[in-house]
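Let me see the structure of the following:
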Amino acid sequence: MAVVASPTAMEVVETPKGSTDAEDVGLEYLIKEPIPSDENGGESYAIKGVDFGIMSGEEISKYGEVEVLNQGYFDPMTHKQLALGCHDPRLGAMNRMSDCQTCGKNFRECPGHFGSIKLVLPVFHVGYFRHVQLLLSAICKRCGRVLLAPEKRSVWLNRTRKATKDVQQQKGVFRKLVDTCKKVRQCPYCDAYNGAVKKGTRGYMTLVHELPKDQAKVEYQQQYSDAVSNNPEIGNHLSKVAYEDLTPLHLLPLLAKMPPSDQEMLKLPPQPERLVVTHVPVSPVCIRPSVQIGDAGTQEDDLSVQTSDIVLVNLEMAEKNYSHGDPYFCRNDGYVIFYNSELIAGNLGKKILGGSKPGLTFVLIRDNSPAVAAACLGRLSKLSARWLGTRGMSFGIDDVTASPEIEAFKKEQVAEKYAYVDEKIEEYRKGKLPLKPGCNAEQTLEAVINGELGKIRNVVGDRLEKVLPRFNKPRIMAQCGSKGSPINLSQMIVCLGQQNVGGQRIQNGFVNRTLPHFKKFSKTPQSRGFVEDSFFSGLNPFEYFFHTMGGREGLVDTAVKTAETGYMQRKLIKALEDLGLKYDMTVRTSDGTVVQFVFGDDGLNPAMMEGKSKPLNFEHTMNHVQHVVEKHHTREVALLPSEYRALTNELIQQVDQEVKSICPLTSLDTSRFTGDLTEFIGGMASEMERERVKVGLPVDDRVRDDPRESTLCDLSCALTEAQLRSFMTTCARKYRRALMEPGEAVGATSAQSIGEPATQMTLKTFHFAGVASMNVTLGVPRIKEIINAAKHISTPIISCKLEQDRVEAAAFMVKSKIQRTLLGDICEYIKQVYEPSGVYLIVKLCGETLRRMQLDLTMDELKEALCAKGALPGGLKIRPECIESRGKLKLAIRPAGAVDSRGRTLPPNPETLWFEVQALRNALPQAPVKGLKQCSRVVVNKEEAKDGSKDTIYSLLVEGYGLQDVMGIEGVVAEKSVSNHVLEVQSVLGIEAARKSIMSEIDVIMKHFGMSVDYRHIQMLGDCMTYRGETLGINRFGISKMSNSTMMLASFEKTSDFLFEAAVFNRPDPVVGVSESIIMGNPVHLGTGLFKLMYDVPKEEMEEGVSRRQPLLAASGETKEQNNVAGHKRKRL
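As a prediction, this is how the structure comes out:
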């Protein structure tokens, strides 16, 4: 079951099924003895855990059937397998014509047997080499003891014993122990010198030990004294530090001398000398077959060739002498109306028949069963196939021919937008174009033109939807969702519209123009990628060229996106696969760590939601109840509004107690459900009050024998007591059905729900509402940044709410305090002045720039900023006495001379004075004088007020890092300032804020692309990344901190590294996760595999006297008794 290709063994704990006594558990090597099995009803065994370790040379030799001593494969005379060779007959049957000489079985039955090679000299193992180097750094190279003083040994030993369960804690303790021992130079037990252990440079996988610098260096140089005297050039190549080689032959006795307490402290296996290889296992011949090539001989497998090379080198060594988007909407047929489960109006398209949550299939599964949904889809598919076979579906040129009306409308729109664009271009040339926030004139012009030209296709497309006939074939295909979209209709019939590359119009590719067809510096729509024609009318050459440029971006994006999103979804599945719902309604990992106390805070299944993230659609349920329990049949009168509320409060308490009794271990939060339910009934009661007042009846008193009372019963807001009770019962039943079942694989479901929509996103998308130049990364790159917990993101943005958010001047004042302002931004000129008294620089500030930027900067503040530490690049410094103020806007700055040991300024050196002045002149424009250094740009964002007023709300968008500094700026509302950088939010506000940031950022991305993901799935991802108290990325580093399972980590990435590390530290794997269970062939501990049978009912007892209903899909030829027996077998399985 386990094939060992290197000196690494797996110990498997096997427990007989049905046995719970700890004494029945035994430790065995899986590769040594087979698992006991008895075909006559004996006990079967299941793997309960795997212990990783390193096999010793004696064990490899013991398990090997033969020691390979010959490098050959076949006898050259008889062409038979060579004895003691790489294809020895005792290693297994090689082909169908031969039998194994160990077990006597043929090629099909023999599993193969291992051999061994005893090495003449020990060697380092490539997988353990790094661990051997760390181990040697922590122990004495003479006595093998850990380099710790006796009084510190107990402290470190206790630390090691406490870190037994958490692998990350074990790694941290081991790393700190090695770092502590590296600093010790003299062994406290044998007084031997211990220097640094480094990789050697004179061969592959060699280690050297640094010797003391004084005596050892003299001895080292004396060894080469004769050679240096004869050839002096050799002295230049001699190392300045003396080293000694640490060979495997030297390490074997050293590691064997380590005491058991030191082995426990370093978490090493019982025999640390196993880290050095003395025996090599030889794999069976069945996994390295030999191919016969006629008379030319055989073609051997790579493993066989390597084995032969090892034997050959081993023989040579022995001979030597070594000192040991939005849905489509149309006014005509956009409404789909059902009344009493009967289609009244509208067409059933992809939205209803597809896989979306409001679709018919989803409703059938939720309200009935998957079998009912399958039967309905089966009938629908037969109907569709029959209709297509008889009626058919095709379209031709006449379906995409534009009418004269739509052609005239397109020309009118194009002419109108062209005139508007020409007007803006003229304003740009005259310098009168109003600038957008954060944009210069050219960026503002491009944003305005692109926005206006992008409206042409949409406006004309909307008119096209109105004038196209109802039975137009392309329109039918776009509406039902089979193929195409309204944009495709517009491109085929009307116009292709503006072509964009990278979110912008076509940029200049030649010298100051896009193509030679246009004038230089042209910004007209035709010259920058606007295509006025359609596919039906045909494109001219430059329109066709621009269209191919826009289409190529989509093709490349699709090709790259497939690989990116596929790998991202694999990482999400791997990180979340072990998360499952337990019987106490908590979400835990496979080792029992709590990730969520209640899934999604309410324990509801996202798949059973009728509303948007809500378990019930009250209007739909009420409509259903009112038609099932009719008023006239019950002979009841409508309830009064006060009776609504009183009966509702009574029934809600019953519903609440009933729901909470389902899982007494966990108090489910039903407040949102009961609150929404109370609010819905309260709304109906309020509407009933208005209706009673409208007809002249008292609100809380019933008038008998009044015909107006009977007219109120026909209103939609009128309810009888039976209807209200039926409504409450239906709501309670649906809420119970919506609760999560224990064993649900919530982690894998959440990973799939987030990863699948990512495949539909654009790879590179930049967007930010209202601001053209403040682009923020969205789409697949942004999701990668979030789930990887990237330390540096492409577009860090801090959104700041202002205290005076309706005053524009206040917004610019706060902006000047945040945005980094360099001296070069506000400086009019910097002049060099040479006088007999000395050399200095005159810096003149621009008053107009200061007023335009609303920068409140005094000369004293400017001096302080220039003298601050690190203000000037290149390590230059200016002392306060070197700066002299000359008026309100001028400064005289002298180069700072050298300073002696007493702090006195020395006179300038004439030889270097000119260079110092030039360096200062070049550095001054880069000196920050105002704002925060890490905030490169701040944009004032404008939005309309949402309270109904026509005021403009101002906020700040800060590009860069520094959330904590921004929150401390006067005028900023700190508690409402947010950053899109998750790790910065964690460092400033804590782990709970980082969790919230992850959830909100992913939700923003999904909503931007029009995708709806239940917040419970996003919350599951946020909790998984932060439940350990730090933000862990969904990558190879973060996943290794989330799980302690060696096999799970090895199945993801860096397989060999995790396996070798587990073998070195003798780590166990309990085989409780999803990946480990699949690898070992055990049932996964999720779903129906979550529980265990305390008593396994014997087969005979189950089949005697037990009746069962006939299965749904039973074969017609089976009898009832046969079906019952088959049902019992399925139940037992």
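
what about residue 75, how many residues close to it?
Neighbour count of residue 75, defined by other Cβ atoms under 10 Å: 12. The way it works is simple: take the backbone N, C-alpha and C, and place the C-beta from them, glycine included.

and the gap between it and residue 83?
Per Cβ to Cβ, to the nearest Å, residue 75 is found 8 Å from residue 83.

One more: residue 724?
According to Cβ to Cβ, residue 724 and residue 83 sit 92 Å apart.

Who has more neighbours out of those two?
Taking other Cβ under 10 Å, residue 724 and residue 83 do not tie; residue 724 has more neighbours (21 against 15).

for the more buried one, what are its contacts?
For residue 724, the contact set (Cβ atoms under 8 Å, 6 or more residues apart in numbering) comprises 639, 644, 647-648, 651, 681.

Of these, which belong to strands?
Using DSSP state E, no member of the contacts of residue 724 sits in strands.

Helix or strand with the lowest mean pLDDT in this structure?
One helix or strand of the chain scores below all others by mean pLDDT, DSSP states H and E: strand 26-29, with a mean of 34.

low-scoring stretches of the stretch 851-1000 of the chain, by residue?
For the stretch 851-1000 of the chain, applying pLDDT under 70 flags the ranges 897-908.

where along it do the helices fall?
Taking DSSP state H, counting those that start in this stretch as the test, the helices found in the stretch 851-1000 of the chain are 859-867, 910-923, 963-967, 982-989, 991-1008.

what's the shortest one packed up against?
Under the contact criterion of 3 or more Cβ pairs under 8 Å, 6 or more residues apart in numbering; DSSP states H and E, the helices and strands touching helix 963-967 comprise strand 797-802, strand 972-979, helix 982-989.

would you turn the ones you listed into JSON lines with mean neighbour count?
As requested, the helices and strands packed on helix 963-967 are exported to JSON lines (neighbours: other Cβ atoms under 10 Å):
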{"stretch": "strand 797-802", "mean neighbour count": "21"}
{"stretch": "strand 972-979", "mean neighbour count": "17"}
{"stretch": "helix 982-989", "mean neighbour count": "20"}
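
Dump these to TSV, plus distance to residue 837.
Formatted as TSV, the helices and strands packed on helix 963-967 follow (distance: least, Cβ to Cβ, whole Å):
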stretch	distance to residue 837
strand 797-802	48
strand 972-979	47
helix 982-989	50
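
can you give me the helices for the stretch 401-550 of the chain?
Going by DSSP H, counting those that start in this stretch, the stretch 401-550 of the chain shows helices at 404-430, 441-467, 473-480, 486-493, 541-576.

for the longest one, the distance to its chain's centre please.
With Cα atoms, centre = their mean, to the nearest Å as the basis, helix 541-576 stands 18 Å off its chain's centre.

now stretch 607-619
Mean C-alpha position of stretch 607-619 versus that of the full chain (Cα atoms, centre = their mean) differs by 28 Å.

Just the CA coordinates for stretch 577-597, please, in PDB.
What follows is stretch 577-597 as a C-alpha-only set of coordinates in PDB (Å, rounded to 0.1, in the frame of the first residue of the first chain):
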ATOM      1  CA  GLU A 577     -12.200  21.600   2.000                       C
ATOM      2  CA  ASP A 578     -11.900  20.500   5.600                       C
ATOM      3  CA  LEU A 579     -14.500  22.900   7.000                       C
ATOM      4  CA  GLY A 580     -17.700  21.200   7.900                       C
ATOM      5  CA  LEU A 581     -20.800  21.700  10.000                       C
ATOM      6  CA  LYS A 582     -20.800  19.700  13.200                       C
ATOM      7  CA  TYR A 583     -23.700  18.500  15.300                       C
ATOM      8  CA  ASP A 584     -23.400  21.500  17.600                       C
ATOM      9  CA  MET A 585     -24.000  23.700  14.500                       C
ATOM     10  CA  THR A 586     -20.400  25.000  14.700                       C
ATOM     11  CA  VAL A 587     -18.100  25.200  11.700                       C
ATOM     12  CA  ARG A 588     -14.800  23.400  12.500                       C
ATOM     13  CA  THR A 589     -11.700  22.200  10.700                       C
ATOM     14  CA  SER A 590     -10.900  18.500  10.600                       C
ATOM     15  CA  ASP A 591      -8.800  18.700  13.800                       C
ATOM     16  CA  GLY A 592     -11.700  20.300  15.700                       C
ATOM     17  CA  THR A 593     -10.700  24.000  15.600                       C
ATOM     18  CA  VAL A 594     -13.700  26.300  15.600                       C
ATOM     19  CA  VAL A 595     -13.900  28.700  12.700                       C
ATOM     20  CA  GLN A 596     -17.500  29.800  13.100                       C
ATOM     21  CA  PHE A 597     -19.800  29.200  16.100                       C
END
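
next one: that stretch to chain centre, how far?
20 Å.

now do stretch 1068-1086
Taking Cα atoms, centre = their mean, one finds the center of stretch 1068-1086 at 23 Å from the center of the full chain.

Other residues contacting that stretch?
Residues outside stretch 1068-1086 that contact it (Cβ under 8 Å, 6+ apart): 46-52, 574, 577-578, 580, 590-591, 743-745, 748, 1043, 1045-1048, 1051-1052, 1062, 1089.

Those residues, buried ones only, as a PyMOL selection?
Here is the PyMOL command that selects the buried residues among these (16 or more other Cβ atoms under 10 Å):
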select buried, resi 46+47+49+50+51+52+574+577+578+580+590+743+744+745+748+1043+1045+1046+1047+1048+1051+1052+1062
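
Show only the entries of the contacts of stretch 1068-1086 found in strands.
Using DSSP E, the members of the contacts of stretch 1068-1086 that fall within strands are 46-52, 580.

Please work out how many residues are found near the nearest residue to residue 399 once chain neighbours are set aside.
Leaving aside its chain neighbours, residue 399 sits nearest to residue 473 (5.0 Å; criterion: Cβ to Cβ, 6 or more residues apart in numbering). Using other Cβ under 10 Å, the number of residues around residue 473 comes to 15.

Show the contacting residues for residue 473.
If you count contacts by Cβ under 8 Å, 6+ apart, residue 473 has them with 393-395, 399.

which residues does the residue nearest the centre of the chain contact?
With distances taken as Cα atoms, centre = their mean, residue 787 lies nearest the centre of the chain, 3.2 Å away. The neighbours of residue 787, taking Cβ under 8 Å, 6+ apart as the test, are 568, 571-572, 1021, 1025, 1033-1035.

6 Å instead, please
Contact analysis of residue 787 by Cβ atoms under 6 Å, 6 or more residues apart in numbering lists residue 1034.

Which pLDDT does the model give residue 1019?
Turning to residue 1019, the model gives it a pLDDT of 94.

And residue 313, by the same measure?
90.

Could you report the neighbour count for it?
14.

What of the one 4 residues further on?
Using other Cβ under 10 Å, the number of residues around residue 317 comes to 12.

Please settle this for me: is it part of a helix?
Yes - assessed by DSSP: H, G, I helix; E, B strand; the rest coil, residue 317 belongs to a helix.

And for it, nearest residue in space, chain neighbours not counted?
residue 120 (4.2 Å).

my guess is the one you found contacts residue 319, does it?
No - assessed by Cβ atoms under 6 Å, residue 120 is found out of contact with residue 319, at 9.3 Å.

Residues contacting the host helix or strand of residue 684, please?
Secondary structure assigned from DSSP states H and E places residue 684 in helix 671-695. Helix 671-695 is contacted from outside by 618, 641, 644-645, 648, 652, 656, 699, 708, 715, 717, using Cβ under 6 Å, 6+ apart.

With respect to residue 942, which of these is nearest?
Minimum distance to residue 942 across those is 38.9 Å, recorded for residue 618 (Cβ to Cβ).
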